[in-house]
Each structure stands twice: as C-alpha cells, then as structure tokens.
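J.: model this:
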Amino acid sequence: MSLADALVAEIRAAVRAEVAPELRALRDEVAALRNGQGDRSLSPAEAAEGLGVSLCTIYRRIADKSLAHQRIGRRVVIPASALVPKTDEEIATLARQARG
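T.: The predicted model follows:
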C-alpha cells in the first residue's frame, strides 16, 4: 500500500468515526418522526417552514412531482410523512447540507 493509499484510508476512517454518531442521531430522529406523524397533512407553507426552504421551492417540487401531495379541490396538502427522509442516503445528504 502506498503512502497516499494509507492516508486516504486513515482519512476515511476518521470521517466515518466523526459522522457515525451524527448519522445514528439522525436515524433516531427520523424514526421518532415516523412514529409520531400518522396521517397529518400540511399546507405548502407549513411544509416549506418544516424543510427550511421557500414556498416557491415547495410549489416547484409539487409541479415536478418530486414531493408527494394531494389536491382537494383547489387546495394542496402534503402528507407529513413526505417530509421525512426514507433512506440512509437521504439522511446523509441532509446531514451534509446541515453542516454547510
């Protein structure tokens, strides 16, 4: 193994050690959210606030069908479960975004 390979392996191990507790905490938080949310529906404004994005972003995600929603007449509602990340990859992406 070359020196560069050894350094890369050491850096990866350090990153895993630093990220693992945070990832576990996020998984626990997601599990708690999943257990407590039931069938609650949110308005687009509530969803935007919950995700920390603009209302325009919510409507854009509704338009491109990347955010689960229902139309009740002219009203749009978003199931609270649609705001919860479903895979470890989504959780890791959110963690990276939160760290900046």
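
J.: Helices of this protein, start to end?
T.: 3-37, 44-51, 55-63, 88-99 (DSSP state H).

J.: Take those helices and write them to JSON lines, including distance to Pro79.
T.: Every C-beta, even on glycine, is put in place using the N, C-alpha and C of the backbone. Below are these laid out as JSON lines (distance: least, C-beta to C-beta, whole Å):
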{"stretch": "helix 3-37", "distance to Pro79": "8"}
{"stretch": "helix 44-51", "distance to Pro79": "10"}
{"stretch": "helix 55-63", "distance to Pro79": "12"}
{"stretch": "helix 88-99", "distance to Pro79": "16"}
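
J.: I'd like to know which of those is closest to Val77.
T.: Val77 sits nearest to helix 44-51 of all those, at 8.4 Å, using C-beta to C-beta.

J.: Kindly format the C-alpha coordinates of that closest one as CSV.
T.: Extracted C-alpha coordinates of helix 44-51, given in CSV (Å, rounded to 0.1, in the frame of the first residue of the first chain):
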residue,chain,number,x,y,z
PRO,A,44,-47.4,24.1,1.4
ALA,A,45,-46.4,27.0,3.8
GLU,A,46,-46.0,24.6,6.7
ALA,A,47,-44.0,22.2,4.6
ALA,A,48,-41.7,25.0,3.5
GLU,A,49,-41.2,26.1,7.1
GLY,A,50,-40.6,22.5,8.2
LEU,A,51,-38.0,21.9,5.5
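
J.: Please name every helix or strand in contact with the strand ranked longest in the chain.
T.: Longest strand of the chain, by residue count under DSSP state E: strand 75-79. Judged by 3 or more C-beta pairs under 8 Å, 6 or more residues apart in numbering; DSSP states H and E, the packing partners of strand 75-79 are strand 41-42, helix 44-51, helix 55-63, strand 70-72.
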